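1. I would like to see how this sequence folds:
(one chain, ligands or ions: 1)
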Amino acid sequence: MRHRKNTAVIAGAAAATLLLAACGGGDGDSAADASTGSGGGSSEGQTMRLALNQTEEHPSYIALDNFGSYLEENTGGWGIDVFPNETLGAQAEALQLVSDGSVDMAIVSGTQLENLNKDFVVFNLPKVFDDVEHQMSVIHDPEITGDLFSSLEESNNITVLGGFTQGARSIYTSDGPVETPADLAGKKIRVQESELHIAMAEALGGAGTPMAYGELYTGLQSGVVDAAENNEVSYFTQRHYEVAPYWSYTNHLVGLDYLIINTDLLNSMSEEDRAAFDEGWTAAYEEHTQLWADATQEAIEGATAGGATFTEVDDAAFAEPLEALAAEFITTESQQALYDAARAAAR
Ligand code: GCU
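-> Numbers count the residues shown, from 1 in each chain. All right, here's what the predicted structure looks like:
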């Protein structure tokens with residue numbers, strides 16, 4: 001299983017590298033070319049390639065595209081070209097490509113980073129964040145996340161810049177609404193590629209099947225999986241409601257995406273450009289948070305018009321198994337410290 005997955009990742013990464021070469025990777029603007037800088041660099045700006053697995057209607061695409069425009073106006077030649085819909089590879093590949101510098105930036109879910117540093121697992125737990133506002137205040141507090149965000153620089157040449165919310169995630173199924181964990185017995189639930197989320201699928205009552213986001217529509221349609229979990233915005237923009245029309249509000253998790261960048265490339269920016277970059281990024285995640293509520297409402301309306309139903313669950317029946325995951329997955333002092341800091345920031 002593990003071997004198969006790694007092979008697929010390598011094949012996917014190779015395909016993405018070919019694609020990059022085909023779309024102009026030889027123009028001397030790759031991160032590798034900028035890799036001599038080690039802080040306070042002064043290289044000329046470049047248009048950075050950013051890998052995203054969402055559509056162009058998704059708030060992440062909109063906020064990142066605006067971030068690129070901000071850079072074009074406020075720096076010496078930096079910009080962002082956002083590649084949506086997994087064009088540069090699914091998240092596991094994108095992570096590898098940012099690390100080796102063939103892609104400059106990516107949005108990856110916290111579940112991907114958990115596979116590089118187990119401390120990230122803390123923010124992937126059910127119930128660690130109460131809501132989007134709480135999550136954003138924790139994630140963008142450098143006292144809490146400063147060390148975590150730089151923890152992949154030496155090992156992987158990746159800097160974590162901060163996060164976009166994934167909003168509250170719930171279960172959706174192809175064959176009828178869910179009220180208690182018993183309704184998911186024997187059901188295969190697609191989860192992200194994370195040990196924690198495989199265990200979470202069990203806590204929800206089913207069996208976890210890890211799968212890349214872009215494969216899920218077909219996975220649900222063909223019956224390879226019976227259910228999945230996500231936010232309403234993804235449910236709608238990926239058109240999953242067409243093949244799994246029963247949404248059940250488990251609200252089991254407030255998910256988190258991270259913006260990552262190749263560390264050598266980041267270090268090659270001049271001080272002024274870096275300051276503008278940080279300002280532009282702050283504006284981008286603030287815009288994303290603002291867009292999120294409306295996008296969620298529009299997604300519910302759009303999916304309902306397309307035949308989806310949204311129902312409540314028996315919250316109490318899900319609470320205990322989900323809460324037990326923290327004790328199982330927090331095993332080190334550094335994880336406990338992150339968890340305590342996050343909970344202390346809850347209102
Ligand atoms: C959300 C999230 C993505 C993630 C996806 C998934 O859409 O924003 O980053 O890849 O969920 O479930 O895989």
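2. Near the ligand, which residues of the stretch 1-150 of the chain are found?
-> 53, 91, 109 (Cβ under 6 Å from any ligand atom). Every C-beta, even on glycine, is put in place using the N, C-alpha and C of the backbone.
3. The same query, at a cut-off of 8 Å, please.
-> 53, 54, 58, 60, 91, 107, 108, 109, 111 (Cβ under 8 Å from any ligand atom).
4. The third one and residue 232: what is the separation?
-> Taken as Cβ to Cβ, to the nearest Å, the spacing of residue 58 relative to residue 232 amounts to 12 Å.
5. what's near enough to touch residue 310?
-> 247, 249, 300, 303, 304 (Cβ atoms under 8 Å, 6 or more residues apart in numbering).
6. If any of those are buried, put those into a PyMOL selection.
-> Selecting only the buried entries of the contacts of residue 310 in PyMOL, with 16 or more other Cβ atoms under 10 Å as the criterion:
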select buried, resi 247+249+300+303
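7. Show me the contacts of residue 310 that map onto helices.
-> Among the contacts of residue 310, the members falling in helices are 300, 303, 304 (criterion: DSSP state H).
8. residues of stretch 183-195 that come out buried?
-> For stretch 183-195, by 16+ other Cβ under 10 Å, it's 183, 184, 187, 188, 189, 190, 191, 192, 193, 194, 195.
9. Mind putting those into TSV with secondary structure?
-> Listed next are those as TSV, based on DSSP: H, G, I helix; E, B strand; the rest coil:
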residue	secondary structure
183	helix
184	helix
187	coil
188	strand
189	strand
190	strand
191	strand
192	coil
193	coil
194	coil
195	helix
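10. Could you list which of those residues also contact the ligand?
-> 190, 191, 192.
11. now, which of those sits nearest the ligand?
-> Distances from these to the ligand were compared by Cβ to the nearest ligand atom; the smallest belongs to residue 192, at 4.7 Å.
12. follow-up on the earlier one: residue 144: which of the buried residues of stretch 183-195 is nearest?
-> The closest of the buried residues of stretch 183-195 to residue 144 turns out to be residue 194 (Cβ to Cβ; 21.2 Å).
13. Can you give me the neighbour number for the nearest residue to the closest one once chain neighbours are set aside?
-> Spatially, and ignoring its direct neighbours in sequence, residue 194 is nearest to residue 111 (3.7 Å; Cβ to Cβ, 6 or more residues apart in numbering). By the criterion of other Cβ atoms under 10 Å, residue 111 has 24 neighbours.
14. OK, contacts around residue 111?
-> By Cβ under 8 Å, 6+ apart, the neighbours of residue 111 are 124, 192, 193, 194, 196, 197.
15. Which strand or helix spans it?
-> helix 110-114 (DSSP states H and E).
16. Show me what from the stretch 201-347 of the chain comes close to the ligand.
-> Counting by Cβ under 8 Å from any ligand atom, the stretch 201-347 of the chain sits next to the ligand at 212, 213, 216, 228, 229, 230, 231, 233, 234, 238, 255, 257.
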